[in-house]
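**Q** sequence unknown, structure follows:
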């Protein structure tokens, strides 16, 4: 596919920079965010339905987790190559095809009558959905004037931040009220609306129409697919098999590391890389990518831990646990509306630093959890946590892409979204692993106090024995009293493990604040691409 046309003149380049879409930016934002919200929602909406899926399809809970893993693997592989595929097929055409694939695959997921068919449909769903996030972000950044990009990222944040927060609550309600199949069927009308609006309001800018690639970097694509697939398997399955204690995890992790290094070298030396890693030479984009990865760790780690704490230690039903954490979505929504307007007024670095400060503050509060915590207190801290996320996401996105040229946006958004998602996978894996390991450590420390020589233990044991004796007799009362105290000890050890996790999240948020100083200020009305 050789391109024999002469290079564009300076005036043509200027016209490219000044390009504006014919449709209203508001209609463009709604068009691209319909698909993005739908896709991001599907990364978390199926979590609470896994037991129902396993029971319905005669599978074990461990086998059912492949419903999540398969989606994340195919999604991760497509994310960074979105710019290349958009350049080859045309971005609008590629976006329409992705929406169709995702919607049809959603219908196939709902209709699947075996676990194998469901996993296959989830792979196709991940392929179709992988490109929706970076394409939506690139279109919003290009369609809005530089002074209004904060509002564009506010619209984008409502999808990528609010959707995973609402996912477990919505999934739990749909599963309990109807069937797990409807968590996939609800995508059909949304997908149809996204398809119609995309066809009507989205257009390819002229500089993308001139992008012609001569050949495909098959080696780069292969190494990248191998790296991301093996890494995702390790992150999702490592805790189940005790990580490096399992030989196949050691081999898979080794293959992942070798494939990653080979992929990086390949993309840096080839003339036509499938993923342009040279964009990371831009200081703002490199720093922003690092910070958004940390944000992914914190956001998804907290999202995974808090409902688990409410259900396992406080005994909340799934729906009530979801409702207790849902104020995070309200906080994110309100914050996105305000921050979108503040980005063009205040130094965006102050907003990012404030966001990480709010995350640290909510982490400090969560690290002081007890069994007596009230529902209202949980709702307040999740609301505070929700306020922090758009502060970081909107301002950081504006600065990360503010020093790049428009034609670099597509490749940059693919890398940026991939690292945020990988950060989320790492956050969930680290949180669940530390929860299990730290609970064992605390249990070993606390159990040393359960001895006949500890007067407090003897007093508690005797009090429980006296209460149970009239009901079950002296012999059973003694056995059950020991069991009750041990159950209390396990709960206390688990609580301390949750506290350790929230302290780690707090430290990560605090350590991120100085990194904000590495970002260069981006003037809202500067011409894209200027430094």
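**A** Perfect, thanks for sending it. Given the structure is predicted, the values throughout are model-derived calculations rather than measurements.

**Q** switch to C-alpha atoms for all contacts and neighbour counts from now on
**A** OK.

**Q** need the contact list for residue 164.
**A** Residue 164 makes contact with 40, 41, 43, 44, 45, according to Cα atoms under 8 Å, 6 or more residues apart in numbering.

**Q** low-confidence ranges in the protein?
**A** 1-19, 48, 165, 168, 207-215, 318-319, 523-531 (pLDDT under 70).

**Q** assign residue 29 to helix, strand or coil.
**A** Counting by DSSP: H, G, I helix; E, B strand; the rest coil, the backbone at residue 29 sits in helix.

**Q** offset the numbering so it begins at 8, please.
**A** Understood, numbering begins at 8; the last thing we discussed is residue 36.

**Q** so what's the residue count around it?
**A** Neighbour count of residue 36, defined by other Cα atoms under 10 Å: 23.

**Q** go on, the one 5 residues further on?
**A** Counted with other Cα under 10 Å, residues neighbouring residue 41 total 21.

**Q** what strand or helix carries it?
**A** helix 32-48 (DSSP states H and E).

**Q** same deal with residue 338?
**A** helix 334-349.

**Q** so where do the helices sit in the stretch 208-357 of the chain?
**A** 213-216, 225-244, 254-276, 290-319, 325-332, 334-349, 355-373 (DSSP state H, counting those that start in this stretch).

**Q** in CSV, list those helices along with mean neighbour count and distance to residue 404.
**A** Shown next, in CSV, are these (neighbours: other Cα atoms under 10 Å; distance: least, Cα to Cα, whole Å):
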stretch, mean neighbour count, distance to residue 404
helix 213-216, 16, 21
helix 225-244, 20, 24
helix 254-276, 16, 24
helix 290-319, 22, 7
helix 325-332, 22, 25
helix 334-349, 21, 11
helix 355-373, 23, 10
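
**Q** and those helices as CSV, adding distance to residue 475?
**A** Below are these laid out as CSV (distance: least, Cα to Cα, whole Å):
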stretch, distance to residue 475
helix 213-216, 76
helix 225-244, 43
helix 254-276, 48
helix 290-319, 25
helix 325-332, 32
helix 334-349, 42
helix 355-373, 35
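
**Q** out of those helices, the one nearest residue 383 is which?
**A** Nearest to residue 383 among these is helix 325-332; the distance by Cα to Cα comes to 7.9 Å.

**Q** what is the closest one packed up against?
**A** With contacts defined as 3 or more Cα pairs under 8 Å, 6 or more residues apart in numbering; DSSP states H and E, the packing partners of helix 325-332 are helix 169-184, helix 290-319, helix 382-409.

**Q** can you map out the helices along the stretch 58-207 of the chain?
**A** 68-71, 73-85, 89-96, 98-118, 122-137, 139-150, 156-167, 169-184, 189-192, 194-208.

**Q** among these, which is nearest residue 390?
**A** helix 169-184 (11.4 Å).

**Q** between helix 382-409 and that closest one, find me the angle.
**A** 140 degrees (axes from the mean of the first three to the mean of the last three Cα atoms, to 10 degrees).

**Q** show me how far the helix holding residue 338 is from its chain's centre.
**A** For helix 334-349, the separation from the chain centroid amounts to 18 Å (computed by Cα atoms, centre = their mean, to the nearest Å).

**Q** list the buried residues of stretch 62-77.
**A** 71, 72, 73, 74, 75, 76, 77 (16 or more other Cα atoms under 10 Å).

**Q** that stretch: end-to-end distance?
**A** 19 Å (Cα to Cα, to the nearest Å).

**Q** correct me, but residue 299 touches residue 400?
**A** Yes. Shown here, residue 299 and residue 400 form a contact pair, counting by Cα atoms under 8 Å, at 7.4 Å.
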